[in-house]
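Visitor: Below: sequence and its predicted model.
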Amino acid sequence: MNRSVIIGTGSAVPKKVVTNEDLESIVDTSDEWIRTRTGIKQRYIAEDGETTSSLATVASLRALEMAGVSPEEVDMIVVGTTSPDMIMPNTGALIQKHLGATKAFGFDVYAACSGFVYALAVADKFVKEKPGSKILAVGAEILSSITDWQDRNTCVLFGDAAGVVLLGGSQESDRGILSTHLRSDGRLWELLHIPGGGCVYPPSAEMAEKRDYCIRMQGNEVFKHAVRSLAGVAREAMEENQLKPDDIDLFIPHQANMRIMKKVAESLEIPIDRVYVNIDRYGNTSSASIPVALDEANRSGRLKRGDLVLLDAFGGGFTWGAVMIRW
Ligand code: UT7
């Protein structure tokens, strides 16, 4: 059976670090509140022309270098993002241009913080269909461009980053992506959304003045749904592969809140030392959070051949999903 296998990983962040103390001078908040309620200590914020596609290009080059694959060999670039450089062209096409990936085609999937897991699921299907393919699955965000810096409920949470995996085909039946599980429930969209900028509420001076192009979230309601959905879809991924929590070597949940990650791990009975956590350094980077964590885990030697890795995402839409991987 042909499977898709991760043959390279890469990530990139902007140069500028913004600490919780820095935010104390912008909104009525405190380092103590942010740390205890979320686990975040700092985040990276873009400046000087750093964009979603430029960060994603750096991360892609790192993944390609790891695998010894040239940009010209890439067949497809699929990008999970909610903060593209522009509405048109899509970010995948821009990354293709920056890389010089001349034979590749690129497109974006739009699933908020679940964007990378959705992109990876799409990439997996393409590799299975054409086993010789080399596909970049990307999660990249400049969330700072759609953050309301006057809203303390949200501005302390987000950060900018990009993470990438390079997928290739393998005939080895004992490794690769074992299963993907995608879900959504559009009925709950209002709990986490961006009101302006689309055809319902097009850009206008009024929209800009009200900062309605920014993320609006009812945090405590989202929290409850996130815990339930993350645990539910992770359980489904284990059941489909006849695996028990004890079998999971590394659980990589979306890095939205340390308390969410702990509750989900508790509910799944996965010990906390097998949960990958880096929210303290990056904040919530939406679709970039899982591939950045995966790249860190990979480069730091935390992943060994044969390890079972469970990815688990939740975001606006609502959207959520899990991917089970044998490393
Ligand atoms: O990534 C996609 C999915 N997103 C998530 O999963 C995020 C889910 N939600 C959360 O992580 C949490 O709900 C938050 C971190 C956003 C908020 O934590 P919370 O414990 O749910 O706080 P809350 O919204 O219930 O607010 C508690 C209090 C309020 O004050 P009162 O009404 O109790 O006086 C807020 O006004 O904390 C206040 N507050 C703040 N205080 C200081 C809200 N933001 C801040 C802040 N600094 N930045």
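Guide: Received, thanks. Residues are numbered from 1 along each chain as shown.

Visitor: need the contact list for the closest residue to the ligand within the chain.
Guide: In the chain, the residue that lies nearest the ligand is Gly219 (2.8 Å; Cβ to the nearest ligand atom). In short, each C-beta sits where N, CA and C put it, glycine included. Going by Cβ atoms under 8 Å, 6 or more residues apart in numbering, Gly219 touches Asn153, Thr154.

Visitor: pLDDT score for it?
Guide: With respect to pLDDT, Gly219 has a value of 97.

Visitor: end-to-end on stretch 150-168?
Guide: End-to-end span of stretch 150-168 (Cα to Cα, to the nearest Å): 44 Å.

Visitor: Could you pull up the mean pLDDT of that stretch?
Guide: Rounded mean pLDDT across stretch 150-168 is 98.

Visitor: Then stretch 80-98?
Guide: Computed over stretch 80-98, the mean pLDDT rounds to 98.

Visitor: Please state the offset of it from the chain centre?
Guide: 15 Å (Cα atoms, centre = their mean, to the nearest Å).

Visitor: Equivalent analysis for stretch 39-54, please.
Guide: Relative to the centre of its chain, stretch 39-54 is centred 14 Å away, using Cα atoms, centre = their mean.

Visitor: Over to that stretch now: how far is its first residue from its last?
Guide: One end of stretch 39-54 to the other measures 28 Å (Cα to Cα).

Visitor: Please compute how far stretch 255-262 lies from its chain's middle.
Guide: That offset, for stretch 255-262, works out to 14 Å (Cα atoms, centre = their mean).

Visitor: Mind listing what's buried along it?
Guide: Gln255, Ala256, Asn257, Met258, Ile260, Met261, Lys262 (16 or more other Cβ atoms under 10 Å).

Visitor: Then stretch 201-210?
Guide: So for stretch 201-210, nothing qualifies as buried (16+ other Cβ under 10 Å).

Visitor: Show me what it is in contact with.
Guide: Pro195, Gly196, Gly197, Asp212, Tyr213.

Visitor: This protein: strands as residue ranges?
Guide: 3-12, 16-19, 42-45, 76-80, 105-109, 134-142, 160-170, 176-184, 192-193, 216-217, 250-253, 308-315, 319-326 (DSSP state E).

Visitor: Of those, flag the one that's most buried.
Guide: Of all the strands of the chain, strand 134-142 has the most neighbours on average by mean count of other Cβ atoms under 10 Å, namely a mean of 31.

Visitor: What is that strand packed up against?
Guide: Secondary-structure packing of strand 134-142 (3 or more Cβ pairs under 8 Å, 6 or more residues apart in numbering; DSSP states H and E): helix 52-67, strand 76-80, helix 91-99, helix 115-129, strand 160-170, helix 289-299.

Visitor: what's the closest non-adjacent residue to Val18?
Guide: Spatially, and ignoring its direct neighbours in sequence, Val18 is nearest to Ile45 (4.9 Å; Cβ to Cβ, 6 or more residues apart in numbering).
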